[in-house]
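Peer 1: pasting the structure only:
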């Protein structure tokens, strides 16, 4: 499994800039991110190269931060790649709470970040179907 940071942000102009600028000053590299919002606040989900330092820096700068366990799955960057992952998960009755993805270089492998209702079962299902689940160390250093 991989640790992800969730940052709760006021839904106002410039808040995302404050977070990214704070991390840039601390020399923290964002590997991937996702942003979701509601009327009142946003949730910024980050995978970074230095988890503990990121949490410390953001808390010191007044941000509300939490850790979440997610699963990173490597899949060929081609049509049907996501469907290949979803089929065995559906058969196993595993629920996906959310996901986001990134591609390091087009035409190579994509990485999809999942939040599952049962991550242990999801990992076993994915690996049992020949899919590559990345550990945190490999993902943080991509």
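Peer 2: Nice, I can see it. On a predicted model such as this, the values are computed, not experimentally measured, just so you know.
Peer 1: all strands of the protein, in order?
Peer 2: For the chain, the strands defined by DSSP state E cover 2-10, 30-37, 41-48, 64-76, 96-103, 109-116, 132-134.
Peer 1: Provide the strand pairings for the first one, with the direction of each partner.
Peer 2: When pairing is defined by DSSP bridges, strand 2-10 lines up against strand 41-48 (antiparallel), strand 64-76 (antiparallel).
Peer 1: can you check the last one too?
Peer 2: In the sheet containing strand 132-134, its partner strands are strand 64-76 (antiparallel), by DSSP bridges.
Peer 1: So which bits of the strand it pairs with are buried?
Peer 2: By neighbour count with 16 or more other CB atoms under 10 Å, strand 64-76 contains the buried residues 65, 70, 71, 72, 73, 74, 75. Using the backbone N, CA and C atoms, a C-beta is placed for each residue, glycine as well.
Peer 1: Any idea what the second one is bridged to?
Peer 2: Right, residue 70. residue 2.
Peer 1: With the first one instead?
Peer 2: Counting by DSSP bridges, residue 65 forms beta bridges with residue 7.
Peer 1: Tell me the predicted confidence for it.
Peer 2: If you check residue 65, the pLDDT there is 96.
Peer 1: change the start of the numbering to 264 and stick with it
Peer 2: In the new count, where the first residue is 264, that last one comes out as residue 328.
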